[in-house]
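>>> When you get a sec, could you give me coordinates for this:
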Amino acid sequence: HPADQRVVMASMQQSGVVPDIATWNTLLSACHSPQQRQCVWQEMLAAKIQPTELSWNILMKAYACPSERQRCMADMLAAGIKPHISTWNTMLKVFTCPIAIRNVMTQMSTAGRSPDKHTWQVLLNASPCAQDKQSITAEIDAVPKSKMRYATSHCTLGTCVVAWTSRLSAAKTRKQKRRVLSAMQAAGSVPDVITWNALMTAYAKPEDRRHVLNEMRAAGVSPDVTSWNLLMATLPRPKERREVFREIQESGLLADITTWNTLVHSYTTAAEVRQVMSEMQAVGVKPDTITWNALLHCLKSPQQAQQTLQEMKIAGVLPDVITWTGFLNINRKPHSRQHVMRIMKNAGIVPDVIAWTPLLHAKKKPEQRQKIMNQMIDSALCPDVVAWNLLLQSQRTPPAMRRVLSDMQAAGITSNSATYVIYFNCLLKNNHGDEVISLYHNHLKGTPAAKLINSAVATAVFCALGNVGNTDEIATFWHSFKDLLYT
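Numbering: from 1, shown residues only. Okay, here's the model as predicted:
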């Protein structure tokens, strides 16, 4: 905890030991919000400690917004530091727009850094279209292999547990992680609790994580609080999480803030969350921003939310972008939401895509929503499918919707079920049932996109078939989707 680390630093100074850059970087890492890290940063500069690339990397990770990370990178370059490829990748991790990622990759090349596998993976993840992914894969294949290796791709790991655990954590699938674990054991290296926890993250079901926990015990390794937290996070009901919480206590471990927050997030009423917060404080655990955010998302009225924000301030907990997004969702009036956005910006918190969504909801006219979309793009954000659907929903005619859909496709955003529902209903209202049927046959039927057919999509297509009056096709569609249509 930053407060504990500050006590140690004060003791160091009283003993005549001057904290060096490694000490400051440790304190910087312990802070979670951008404001806290900026505060430590200013103290570090006041102490005449020159930030290293690692310091900049830690500061950058506090920001969730691409523009803020870009600003950090610009400041680092201005300070005369040539960023390593890992720092460029840290900046890129929050980017979701392929065009913006391409621009950064060009900047990397100009700065003399070649994109590695991590860089290309970010671009692949951001590209929703299969054709784009194939094109990127072809580009990767054309890059010399010597420039695409991971740092540990060809080193001899031997019995080094840390190196093996690092490789296991980097593996993407459970099969890959299992193979690394087997190779690790074959090399005579004994997996520790961190290794087992890394393996547990490959599984999403509670029974699978429980199985890994039992494997860990059978191997003579005692689960730590992180192991239990990973198991608890997969359980949907409060009662089940409470049972794991009791197991943690019975094993002699102390629940940490992550344990308490995992427990808090299983409750849906403010009274239940406040009860857990009281239990936390009773055992000396201070609720953090994540805890307060869970409480805020249970509230219904702006007055309750305002009171909660005041309580956070009194408790010395700083709101983050998630806090303000929750507050935006509770405030329904457009002018209130704009006021909240101004407060966020004045507090140095950069709204993310999710924070902009309530503001889009508050506007009804196409030009108003388009203006907000432009503001998002100017902030180096890539509007997601929800934002595009809201813009689509504000259009009144099929031609206007087609223009939005074309822009959406150009931005690399893949349509979801809601996109089809909005467009299909507009076509039906304007007597374009034949176009609905054509889109169903060409874009949904027998394609991977068929999984997007839900009750609303099926109903729209069924209505279009009814308008056209093709009895055979109506009967075929009914037998294929009657469960959805009954709904």
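>>> Can you give me the pLDDT of D208?
Note on D208: pLDDT of 94.
>>> So it: helix, strand or coil?
Here D208 is helix, with the state taken from DSSP: H, G, I helix; E, B strand; the rest coil.
>>> and if you look at K48?
Classification of K48 by three-state DSSP places it in coil.
>>> pLDDT wise, what is it at?
Confidence per residue is given as pLDDT, and for K48 that number is 87.
>>> next one: S146
With respect to pLDDT, S146 scores 56.
>>> tally of neighbours for T323?
23 (other CB atoms under 10 Å). Every residue, glycine included, has its C-beta placed from N, CA and C.
>>> ah, wrong one, I meant N431
Applying other CB under 10 Å, we find 9 residues neighbouring N431.
>>> Nearest residue to it in space, please, no chain neighbours.
N467 (7.7 Å; CB to CB, 6 or more residues apart in numbering).
>>> what's near enough to touch the one you found?
Neighbouring residues of N467 by CB atoms under 8 Å, 6 or more residues apart in numbering: 428, 431, 433.
>>> List of residues touching the strand or helix carrying V8?
With elements delineated by DSSP states H and E, V8 resides in helix 2-14, which encompasses its position. For helix 2-14, contacts defined as CB under 8 Å, 6+ apart pick out 18-19, 23, 26-27, 30-31, 36, 40.
>>> Then stretch 437-455?
The contact list for stretch 437-455 (CB under 8 Å, 6+ apart) reads 415-417, 420, 423-424, 457, 461, 464-465, 468, 481, 484-485, 487.
>>> okay, among the residues you listed, which ones form the most distant pair?
Using CB to CB, these reach their maximum pairwise distance at N416 and V468, which is 25.8 Å.
>>> who's more crowded, those two?
Neighbour tally, N416 and V468, criterion other CB under 10 Å: the higher count belongs to N416, 16 against 12.
>>> measure the nearest residue to that one once chain neighbours are set aside to S227 for me?
In space, and not counting its chain neighbours, N416 is closest to V385: 5.2 Å by CB to CB, 6+ apart. V385 sits at a distance of 35 Å from S227 (criterion: CB to CB, to the nearest Å).
>>> if you count what's nearby, which of the two comes out ahead?
Set V385 next to S227 and count neighbours by other CB under 10 Å: S227 wins out with 24 against 16.
>>> got the buried residues for whichever helix or strand the more buried one is part of?
Assigned by DSSP H and E, S227 belongs to helix 225-233. For helix 225-233, the buried set under the neighbour-count rule, 16 or more other CB atoms under 10 Å, comprises 226-233.
>>> Going toward the C-terminus from that helix, what's the next helix or strand?
The C-terminal neighbour of helix 225-233 among helices and strands, as given by DSSP H and E, is helix 238-250.
>>> Would you mind putting the CA coordinates of the helix or strand that comes right after that next one into CSV?
If you walk from helix 238-250 toward the C-terminus, the next helix or strand you reach (DSSP H and E) is helix 257-264. As requested, C-alpha coordinates have been extracted for helix 257-264 and formatted as CSV (Å, rounded to 0.1, in the frame of the first residue of the first chain):
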residue,chain,number,x,y,z
ILE,A,257,-8.7,-5.8,-0.9
THR,A,258,-9.2,-7.9,-4.1
THR,A,259,-11.0,-10.6,-2.1
TRP,A,260,-13.4,-8.1,-0.6
ASN,A,261,-14.0,-6.4,-3.9
THR,A,262,-14.8,-9.7,-5.5
LEU,A,263,-17.3,-10.4,-2.8
VAL,A,264,-18.8,-6.9,-3.1
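>>> Helix 257-264 packs against which elements?
Under the contact criterion of 3 or more CB pairs under 8 Å, 6 or more residues apart in numbering; DSSP states H and E, the helices and strands touching helix 257-264 comprise helix 225-233, helix 238-250, helix 270-282, helix 289-296.
>>> Tabulate those helices (TSV), appending mean pLDDT.
Output for the helices and strands packed on helix 257-264, formatted as TSV (pLDDT from 0 to 100):
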stretch	mean pLDDT
helix 225-233	94
helix 238-250	93
helix 270-282	93
helix 289-296	93
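>>> which stretch among those comes nearest S55?
By CB to CB (comparing all of these), the closest turns out to be helix 289-296, at 22.8 Å.
>>> so how far is the closest one from its chain's centroid?
Helix 289-296 has its average C-alpha position 17 Å from the chain's average C-alpha position, going by CA atoms, centre = their mean, to the nearest Å.
>>> Stretch 79-90 too?
The chain centroid and the centroid of stretch 79-90 are separated by 23 Å, computed with CA atoms, centre = their mean.
>>> What is the burial count for the nearest residue to M401 once chain neighbours are set aside?
Spatially, and ignoring its direct neighbours in sequence, M401 is nearest to Q395 (4.7 Å; CB to CB, 6+ apart). Residue neighbour count, defined by other CB under 10 Å, stands at 20 for Q395.
>>> now the one 5 residues further on
The burial metric for A400, expressed as a neighbour count using other CB under 10 Å, is 14.
>>> With Q107 instead?
Look at Q107: counted by other CB under 10 Å, it has 14 neighbours.
>>> dump the residue contacts of L168.
In this structure, L168 makes contact with 177, 180-181, 184, 195, 198-199, judged by CB under 8 Å, 6+ apart.
>>> sec struct for it, please.
Assigned state for L168: helix (three-state reduction, three-state DSSP).
>>> Pull up the gap between it and D352, please.
Using CB to CB, we find L168 at a distance of 31 Å from D352.
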